[in-house]
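K.L.:
I would like the atomic coordinates for the input below:
(chains A and B)
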Amino acid sequence: MLDGILTGLSTAASPLNILMVAVGCFAGTFIGMLPGLGPISAIALMIPITYGFDPATGLILMAGVYYGAIFGGSTSSILINAPGVAGTVATAFDGYPMAKKGHAGKALAIAAYSSFSGGTIAAVFLLIAAPSLAVVSLAFQSTDYFALMVLGLTAVAAFAGRGNVIKALLMTVFGLMLSTVGTDETQGIQRFTFGMIDLIDGISFLLLAMATFALSEALMSVLKPKTEEEKIREKDANANLGSMKLSRDEVKEMVPVIGRSSVLGFLVGVLPGAGATIASFLAYGMEQRIAGPEKGREFGKGSVRGLAAPETANNAACSGSFVPLLTLGIPGSGTTAIMLGALISYGIQPGPRLFVENPEVFWSVIISMYLGNVILLVLNLPLIPYIARVLALPHTVLVPMILFFSLIGVYFVSFNTFDIQLMVIFAAGALVLRLLDMPMAPMLLGFILGGMMEENLRRALIINNDSWAFLWTRPLTFAILVTAALILFVPMLSPFVKRSLARRREAAGEGG
Amino acid sequence: MLTRDRIGALIMLAFSLGYGAMIFNIPLLPFQANQAFTARTLPQALSILGVLLSLALLLKPLRGTARDDDAAWRANMKRLLTRVPGLGFPLGKVAMLCVVMVLYGLAVRPLGFLLATTLFLVTSMLILGERRHVMALSVSVGVTVFFWVLMTQFLDVYIAPLPTFIGR
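P.N.:
Got it, this is the predicted structure:
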């Protein structure tokens, strides 16, 4: 392991890679701050740039963007109560009231310190967990991989929230369907290409991600015109941030919160399907309970704990979500899915082999996380008042720029103008689905896992002489599939269970 | 009643059925037809799953908070389809932006990168209601030239800058 750390250190500490972490954090903060554009869009927009570098540098850049985007999202949550990303919605609960009291600078500082500690502590966990899990996962066969992908896809749907499970599953299937467009890899048969040469290679993941995220998110923001109140808030935001210094008591209050929230955030991040958003809400809820009735009442009115908890947890979850990506090659969220897509297009197969074949990628990403967190703290914190000006940029200029960068990012990879037309079609489709409140992240995850899933299933069938029995005879495969089924069906059944329990209790109450 | 979820379900149902119908166009060689897993297997499973899930969403009863969600969604849709004085329809703007993007795709080769991009940026800014024409033009030209210099001079990506009829 020490070998690995040294390899990672020597790769990550090259001047180019340090520069890339800085660029990534900076660009991510910038994009994440724009309300409506999330980390998936931020990473998608940066991918065309990474094609010029080697894989380790590319992944380091993307990890920086991911952190930066979450950090930038919390800035807009605190300053204008408009979370740039879903993972920072909980930050606005206490961050915005604190800013309203005139302590915007303090709120930003708390957010930055919590993010830093959460990210750094979770990176230590990652350093320990990832290599050991990678060793275990070497024993996995294609049948287990197939089962793991099923687990990943169902988990994303299951964590989609109440009333959204069917929708999320439907979108996952939609993504899987899109992944079947193109030439079938094993048999060389064209599927759903309509005889078009441009579709023989299938739909490029970058194109799909740009169209369904960056483009359609930018178009969605046109549909949500700013209210007068928001405009005033944006103007106020830059006027006076107040001091960024924290008192000793506040630091004392933060420390235990950060400790607990990092562990929680990391664990939630490791779970497939649950990411920064769920981690931040869970941490907020947990701290409110721990704080007790007296302190708990401060929550929502500018509590230090209420701000530190979700900020720590969302960054810790970001680090945690790299565990399944780096060790199993299975992304647990839309954001890591897009990183997986990028890795595959660099020609790297993530998974247990990554640890063996490309140790420099594996370790340098982990090491660069420390760097990323340090840069966020020392570079972004002092610059925040200036970066925050981006919030005041008029939409009329910003939206065309995002459209341009998305289109040109895809065009400069393929130099095929058909891609631009295809992007517009997908963006328009995604816009309709977004207007109908259909979740897009499961679609992206399904699309990226689709090809790998079919390949593994087919290989499993060949190994097992065309018999499907491996699904229940191989214990590991069976166990993973059962877990997937449980994750999916237990929450669906819980309302019924609760109702029948309540009924029983009522009956008992009447009887006694 | 045609609720938000049911519209989504109907769209996905139509898509799944269309996708399912197109599976028959996937050619299979005679010896492949009897294999346990062919190029058609996964698409078939997916189209069946798609149909089942869309039907489940379509038939899901509307209860409790879902009803309020739907009412809020309806009001929001109404707003998007109402004309804002001086600004036009919000959805109309998005449609125009899509048209401009398609045109940009068609124009970027024949008109060259510099001209096509500048035109694209200026038009989309105007569509979004930017009134400061000089500012819009200067920002567009600035971004276009900066990007072109960055790509060709520093990242070694060749892009034809000028219209084809002037030469490259």
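
K.L.:
The closest residue to A:M33 other than its chain neighbours is in what secondary structure piece?
P.N.:
With sequence-adjacent residues excluded and distances taken as Cβ to Cβ, 6 or more residues apart in numbering or on different chains, A:M33 is closest to A:G72, at 3.9 Å. Every C-beta, even on glycine, is put in place using the N, C-alpha and C of the backbone. A:G72 belongs to helix A:55-80 when assigned by DSSP states H and E.

K.L.:
what does the stretch 1-150 of chain A put close to chain B?
P.N.:
Proximity of the stretch 1-150 of chain A to chain B, by Cβ under 8 Å from any Cβ of the partner chain, involves residues A:G52.

K.L.:
Enumerate every residue touching the residue of the stretch 1-150 of chain A found nearest chain B.
P.N.:
Nearest residue of the stretch 1-150 of chain A to chain B, counting by Cβ to the nearest Cβ: A:G52, 6.2 Å away. Residues near A:G52 by Cβ atoms under 8 Å, 6 or more residues apart in numbering or on different chains: B:L155.

K.L.:
distance of it from B:K60?
P.N.:
Shown here: A:G52 relative to B:K60, a distance of 48 Å by Cβ to Cβ, to the nearest Å.

K.L.:
Can you find the helix or strand of chain B with the lowest average pLDDT?
P.N.:
Using mean pLDDT, DSSP states H and E, helix B:65-80 stands out as the lowest-scoring helix or strand of chain B, at a mean of 84.

K.L.:
any idea how far A:P439 lies from chain B?
P.N.:
For A:P439, the distance to chain B (Cβ to the nearest Cβ, to the nearest Å) stands at 11 Å.

K.L.:
and the closest residue to that residue other than its chain neighbours, which of the three is it?
P.N.:
Leaving out its chain neighbours, the residue that sits closest to A:P439 by Cβ to Cβ, 6+ apart is A:A168, at 5.1 Å. Secondary structure state of A:A168, per DSSP: H, G, I helix; E, B strand; the rest coil, is helix.

K.L.:
hang on, the earlier thing: now the residue of the stretch 1-150 of chain A closest to chain B. Its backbone dihedrals?
P.N.:
Main-chain dihedrals, A:G52, degrees, to the nearest 10: phi -80, psi -10.

K.L.:
Tell me which helix or strand the residue lying closest to A:I60 once chain neighbours are set aside sits in.
P.N.:
Distances taken as Cβ to Cβ, 6+ apart place A:S368 nearest to A:I60, at 4.3 Å, with adjacent residues excluded. Assessed by DSSP H and E, A:S368 sits inside helix A:359-375.

K.L.:
which residues touch A:V397?
P.N.:
Contacts for A:V397 (Cβ under 8 Å, 6+ apart) come out as B:M125, B:E130, B:A136, B:V139.

K.L.:
Can the helix or strand the first one falls within be said to contact chain A?
P.N.:
When elements are assigned from DSSP H and E, B:M125 belongs to helix B:113-127. Yes: among the residues of helix B:113-127, B:T117, B:F120, B:L121, B:S124, B:M125 lie within reach of chain A under Cβ under 8 Å from any Cβ.

K.L.:
I'd guessed the residue nearest to A:M33 sits against A:A27; true?
P.N.:
No: look at A:G72 against A:A27 with Cβ atoms under 8 Å: they stay out of range, at 9.4 Å.

K.L.:
Got the phi and psi for A:N456?
P.N.:
Main-chain dihedrals, A:N456, degrees, to the nearest 10: phi -70, psi -40.

K.L.:
in chain A, which spans are strands?
P.N.:
A:182-183, A:190-191 (DSSP state E).

K.L.:
Serialize these to CSV and add fields for distance to chain B and mean pLDDT.
P.N.:
Below are the strands of chain A laid out as CSV (distance: least, Cβ to the nearest Cβ, whole Å; pLDDT from 0 to 100):
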stretch, distance to chain B, mean pLDDT
strand A:182-183, 9, 88
strand A:190-191, 5, 88
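
K.L.:
Buried deepest among those, which one?
P.N.:
With neighbours taken as mean count of other Cβ atoms under 10 Å in any protein chain shown, these reach their highest mean count in strand A:190-191, at a mean of 20.

K.L.:
outside of that one, which residues touch it?
P.N.:
The contact list for strand A:190-191 (Cβ under 8 Å, 6+ apart) reads A:T180, A:V181, A:G182, A:T183, A:D184, A:I200, B:I26, B:P27, B:A39, B:P43.

K.L.:
Next, the buried residues of stretch A:278-296.
P.N.:
Applying a neighbour-count criterion of 16 or more other Cβ atoms under 10 Å in any protein chain shown, the buried positions in stretch A:278-296 are A:278-284, A:286-288, A:291, A:295-296.

K.L.:
what's that stretch in contact with?
P.N.:
Residues outside stretch A:278-296 that contact it (Cβ under 8 Å, 6+ apart) are A:87-91, A:93, A:159, A:257, A:260-261, A:264-265, A:268-269, A:298-299, A:303, A:305-306, A:309-314, A:316-317, A:320.

K.L.:
if we go to 6 Å?
P.N.:
Contact with stretch A:278-296 is made by A:87, A:90, A:257, A:261, A:264-265, A:268, A:299, A:305, A:309-310, A:313-314, A:317, as judged by Cβ atoms under 6 Å, 6 or more residues apart in numbering or on different chains.

K.L.:
Same question for stretch B:75-91.
P.N.:
A:L223, B:G129.

K.L.:
So what's the gap between that stretch and the chain middle?
P.N.:
In terms of Cα atoms, centre = their mean, to the nearest Å, the centre of stretch B:75-91 is found 20 Å from the chain centre.

K.L.:
Just the terminal-to-terminal distance for it.
P.N.:
Taking Cα to Cα, to the nearest Å as the measure, stretch B:75-91 stretches 15 Å from start to finish.

K.L.:
Which stretches in the stretch 301-450 of chain A count as helices?
P.N.:
For the stretch 301-450 of chain A, the helices defined by DSSP state H, counting those that start in this stretch cover A:304-320, A:322-328, A:334-346, A:352-357, A:359-375, A:381-387, A:395-414, A:417-435, A:441-463.

K.L.:
what number of residues lie near residue 12?
P.N.:
Just so you know, I chose chain A. Using other Cβ atoms under 10 Å in any protein chain shown, A:A12 is surrounded by 25 other residues.

K.L.:
wait, I meant chain B there
P.N.:
When counting by other Cβ under 10 Å, one arrives at 27 neighbours for B:M12.

K.L.:
who touches the spatially closest residue to it that is not a sequence neighbour in this structure?
P.N.:
Excluding the flanking residues, the one nearest B:M12 by Cβ to Cβ, 6+ apart is B:S54, at 4.5 Å. When contacts are counted by Cβ under 6 Å, 6+ apart, B:S54 touches B:A9, B:M12, B:L13.

K.L.:
Can you name the residue of chain A nearest to chain B?
P.N.:
Nearest residue of chain A to chain B: A:I420, at 3.1 Å (Cβ to the nearest Cβ).

K.L.:
Just give me the neighbour total for that residue.
P.N.:
Using other Cβ under 10 Å, the number of residues around A:I420 comes to 23.

K.L.:
That one is in contact with B:L103, isn't it?
P.N.:
No: if you go by Cβ atoms under 6 Å, A:I420 and B:L103 don't touch, sitting 9.8 Å apart.
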